[in-house]
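Enquirer: here is the input, now give the coordinates:
(2 chains)
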Amino acid sequence: MIQATQLRKLYKMGDSTVHALDGVDLNIERGESVAITGASGSGKSTLMHILGCLDRPTDGTYQLTGKTVSSMSDWQLAKVRNQHIGFVFQTFNLINRTSAVDNVAVPLIYARQTGTRKAAMTALDKVGLGKRAHHKPSELSGGERQRVAIARAIVNNPEIILADEPTGNLDSRTGEQIMGIFHQLSDAGTTVVIVTHEMDVAVQAKRIVRMRDGRIIEDEKPTDARRRELLAGAGLVTGGHVNNPIE
Amino acid sequence: MFFFLRICFMAGRSLQANLMRSILACLGVIIGVAAVVSAMSILEGSRRDVVGKFESLGADQVMVVNGSSDRRGSRAVARMSLTSEDVHALSDLPSVKTTCSESTSTAQIKYFEKNMVVQVLATNENYTSMNEYAPIEGRVLSREDVRAARKYCVLGYKVGKKLFGETPAVGNRVRIEGIGFTVIGVMEKKGFLGIRQVDTQVIIPATTGLSRLFGTKYVHMITVQAATPRGLDDTISDVKRALRAEHGIRAGRPDDFQVFTREQITSQVDDMIKIFAVVLYSIAGISLVVGGIGIMNIMLVSVTERTREIGVRMAVGAKRTDIMVQFLIEASVISVLGGSLGVATGFALTRILENVTQVLETYTTTASIIWALGMAIFTGIVSGLYPALRASHLDPVEALRYE
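Expert: A predicted model of the protein is given here:
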């Protein structure tokens, strides 16, 4: 599904050059759930932007569903984002002046599809927000807004969902509900990539990729025992059962 | 097409979200378009008005006035040169059917305690027939009246009404500037003939007028009717030759009179209107430019404000062209809205001007409305271009990070 080889991303900051990505190799299979973690500045966001076709690597190749994306034009990238990728952001990024259902329909409009409202309603039903479809984002709670954002991400039936700190602005209970939706999507065969610095979110993924200084320093498929260890390392849980590992 | 409609709808939504701001952005275009529409209406109205008045000068008639055509500028100071002898000389020409002289002056007319300020027209017996102007009471001037310089007068419609009301006017004696005249007729209601409001006019024989009232041998204008309508050019050259001979102008010297046909007057009016048009359109154009700057300003604010939204739209698959089209349409919607409101305002404004001034004639053509709307849309698109380009060239990653 995702095949990235030797991805590099350089930023010029005045005289110095920052290596946001410094030779990243990453393969993600269809239906996998992957958490990308790391401290801020580790390059995880840059990696997500490149994986999400919002940005191009300075060097290296990136293939998505067998197509080399790293050499595509802006126009082609927009098409790939529209048809193959769904984004979920930390701050939801909904358009405040329109209703939930209209927000969800936006990707379909750019796909030049008809019957967008019906498809948007189906997507909202999937995230359990069918009844709130005609409310504006300002009338919805944080968790509800994130669900609208997820509905928008899945409305085009993309192969990949990319979520950037999706629970970062939510309380832990709501965060768990949102993670539950990601689990369902993953179970249904969608590839889910979550970028997070929260270990309790990361351990819910089948695979954890840890980054530091633009490189992958660890790429593991943890066992339950390892998960507990990771949580303990993060000072989050000392023993006990870990909820909902994505299988 | 469907996509286009959706984008239009989205544009409407985002303008609705900032209603007050959108209206203010429209304001410049509203004023600009209203200015264009009313300027065009007033100009076209005036043109039709003036040209319409000269319609009374038949296609087979030419008009001779005092003054040289070489001298540019004001003809108000033109030296008088046309005399009543000229009128006789011209009527003897084979290519001329009839002639009539016209001299006017403002005067006071009195009938017992009733009095009125009128325009006195000293002319001959041909004036009424050449202008297809008929009496409703009594008769018009006869050849004999003119030849004998009788103190007879024919009242314009309003003059007759004012002095005599419903009672018969014919046979009564009135005083014009203290001189007694006998009323021999009252004319029909006509409004304008040429540039003159004839309903408040009093017609007297040219001979009487020149000697008794004006104290001059010169006339203001001579109208000549050609013997055959097709021989207008021959008539003009005959008239010129005869007048030069009468006035003793040597070869090589310029005419001391001017000859016009209806077409020439119309085209002169058109030329004059064009000068006004350039001035008025420049002013209207400036206000549209100002309106355009208003739109551009609002669009730039909008793009900056919605940077994050643009990032999101790009993330979910909007192409750069989609973003560009969206903002261009928003700018066009503002301008179309402003344009339509401007047309309505301009239309209302011309109606009000017409009713308030009572003299200004206005005429709003469909072409002027289409023009104004087209200019508004053009302004909108041009001024929306830069903001739209800026929006479409945002980097999606940067735009998503924008706070």
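Enquirer: which ones are touching the residue lying closest to A:D164 once chain neighbours are set aside?
Expert: Closest residue to A:D164 apart from its sequence neighbours, by C-beta to C-beta, 6 or more residues apart in numbering or on different chains: A:V195 at 4.9 Å. To be clear about C-beta, it is placed using only N, CA and C from the backbone, and glycine gets the same treatment. Going by C-beta atoms under 8 Å, 6 or more residues apart in numbering or on different chains, A:V195 touches A:A35, A:I36, A:T37, A:K44, A:S45, A:L47, A:M48, A:L162, A:A163, A:D164, A:E165.
Enquirer: now the residue in chain B positioned nearest to chain A: closest residue in space that isn't a chain neighbour?
Expert: Here chain B gets closest to chain A at one residue, B:G317, 2.3 Å apart by C-beta to the nearest C-beta. Closest residue in space to B:G317, ignoring its immediate chain neighbours: A:N82 at 2.3 Å, by C-beta to C-beta, 6+ apart.
Enquirer: same check on B:V33?
Expert: That would be B:G342: by C-beta to C-beta, 6+ apart, it lies 2.6 Å from B:V33.
Enquirer: helix or strand for that neighbour, which one?
Expert: helix B:320-357 (DSSP states H and E).
Enquirer: what mean pLDDT does that helix have?
Expert: Averaging pLDDT along helix B:320-357 yields 90.
Enquirer: how far is it from where the chain is centred?
Expert: How far helix B:320-357 lies from its chain's middle: 26 Å, per C-alpha atoms, centre = their mean, to the nearest Å.
Enquirer: right, and the helix or strand after it?
Expert: Helix B:320-357 is succeeded, C-terminally, by helix B:366-392 (DSSP H and E).
Enquirer: which residues are in contact with the residue nearest to the spatial centre of chain B?
Expert: Most central in chain B under C-alpha atoms, centre = their mean is B:S46, positioned 1.2 Å from the mean C-alpha point. B:S46 is in contact with B:I273, B:F276, B:L360, B:E361, counting by C-beta under 8 Å, 6+ apart.
Enquirer: how about low-confidence regions in chain A?
Expert: Residue ranges of chain A with pLDDT under 70: A:235-247.
Enquirer: quick one, helices of it?
Expert: A:44-51, A:74-84, A:100-110, A:116-126, A:142-154, A:172-187, A:199-202, A:224-233 (DSSP state H).
Enquirer: wait, which of those is closest to B:E398?
Expert: helix A:44-51 (10.3 Å; C-beta to C-beta).
Enquirer: buried sites along stretch B:96-116?
Expert: Across stretch B:96-116, burial judged by 16 or more other C-beta atoms under 10 Å in any protein chain shown covers B:96-105, B:107, B:109, B:111, B:116.
Enquirer: over to stretch B:23-43?
Expert: B:25-43.
Enquirer: could you check how far B:R47 is from B:G58?
Expert: 20 Å (C-beta to C-beta, to the nearest Å).
Enquirer: farthest-separated two in the buried residues of stretch B:96-116?
Expert: Top of the distance list for these (C-beta to C-beta): B:V96 and B:Y111, 38.0 Å.
Enquirer: name the residues of the stretch 201-350 of chain B found near chain A, please.
Expert: Contact residues, the stretch 201-350 of chain B versus chain A (C-beta under 8 Å from any C-beta of the partner chain): B:308-309, B:311-322.
Enquirer: those in strands, which ones?
Expert: Assigned to strands by DSSP state E, none of these qualify.
Enquirer: return the residues in contact with the closest residue to chain B within chain A.
Expert: Among the residues of chain A, A:N82 lies closest to chain B, at 2.3 Å counting by C-beta to the nearest C-beta. By C-beta under 8 Å, 6+ apart, the contact set of A:N82 is A:P107, A:Y110, A:A111, A:N156, B:V316, B:G317, B:A318.
Enquirer: who touches the second one in this structure?
Expert: Going by C-beta under 8 Å, 6+ apart, A:Y110 touches A:A78, A:N82, B:R313, B:V316, B:G317, B:A318, B:K319, B:D322.
Enquirer: ok, now A:A78?
Expert: Contacts of A:A78 (C-beta under 8 Å, 6+ apart): A:Y110, B:M314, B:G317, B:A318, B:K319, B:R320, B:D322.
Enquirer: of the buried residues of stretch B:23-43, which belong to helices?
Expert: Short answer: the buried residues of stretch B:23-43 in helices (DSSP H) are B:25-43.
Enquirer: any chance of the backbone angles for B:P168?
Expert: phi -60, psi 140 (degrees, to the nearest 10).
Enquirer: quick check: closest non-adjacent residue to it.
Expert: Closest to B:P168 by C-beta to C-beta, 6+ apart is B:E137, at 6.7 Å.
Enquirer: what count of nearby residues applies to that neighbour?
Expert: By other C-beta atoms under 10 Å in any protein chain shown, 18 other residues sit near B:E137.
Enquirer: surely it is in a strand?
Expert: Yes. Note on B:E137: a strand contains this position according to DSSP: H, G, I helix; E, B strand; the rest coil.
Enquirer: burial measure for B:H247, as a count.
Expert: Neighbours around B:H247, by other C-beta under 10 Å: 15.
Enquirer: just to revisit the earlier point, for the buried residues of stretch B:96-116, give me CSV that also has pLDDT and distance to B:S81.
Expert: Below are the buried residues of stretch B:96-116 laid out as CSV (pLDDT from 0 to 100; distance: C-beta to C-beta, whole Å):
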residue, pLDDT, distance to B:S81
B:V96, 90, 19
B:K97, 90, 23
B:T98, 91, 21
B:T99, 92, 16
B:C100, 91, 18
B:S101, 91, 13
B:E102, 91, 15
B:S103, 91, 13
B:T104, 90, 17
B:S105, 90, 18
B:A107, 91, 24
B:I109, 94, 30
B:Y111, 93, 36
B:M116, 91, 32
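Enquirer: check contacts around residue 121.
Expert: Just so you know, I chose chain A. A:V101, A:G130, A:A133.
Enquirer: the intended chain is chain B.
Expert: B:E102, B:S103, B:T104, B:Y127, B:R196, B:V198, B:Q201, B:V202, B:I203, B:I204, B:G209.
Enquirer: ok, now with 7 Å
Expert: B:E102, B:T104, B:Q201, B:I203 (C-beta atoms under 7 Å, 6 or more residues apart in numbering or on different chains).
Enquirer: surely it is in a helix?
Expert: No. Under three-state DSSP, B:L121 sits outside any helix and is assigned strand.
Enquirer: distance of it relative to B:V62?
Expert: Distance from B:L121 to B:V62, by C-beta to C-beta: 19 Å.
Enquirer: kindly report the same for A:D15.
Expert: 87 Å.
Enquirer: what's the answer for B:Q268, then?
Expert: Counting by C-beta to C-beta, the gap from B:Q268 to B:V62 is 14 Å.
Enquirer: for the nearest residue to A:T114 once chain neighbours are set aside, give its distance to A:I109.
Expert: Closest residue to A:T114 apart from its sequence neighbours, by C-beta to C-beta, 6+ apart: B:F2 at 6.2 Å. For B:F2, the distance to A:I109 equals 9 Å [C-beta to C-beta].
Enquirer: which one's more surrounded, the two?
Expert: A:I109 (23 against 11).
Enquirer: not counting sequence-adjacent ones, nearest residue to the more buried one?
Expert: Counting by C-beta to C-beta, 6+ apart, the residue nearest A:I109 is B:R6, at 5.1 Å.
Enquirer: which SS state does that neighbour fall under?
Expert: Per three-state DSSP, B:R6 ends up helix.
Enquirer: alright, I will stop here.
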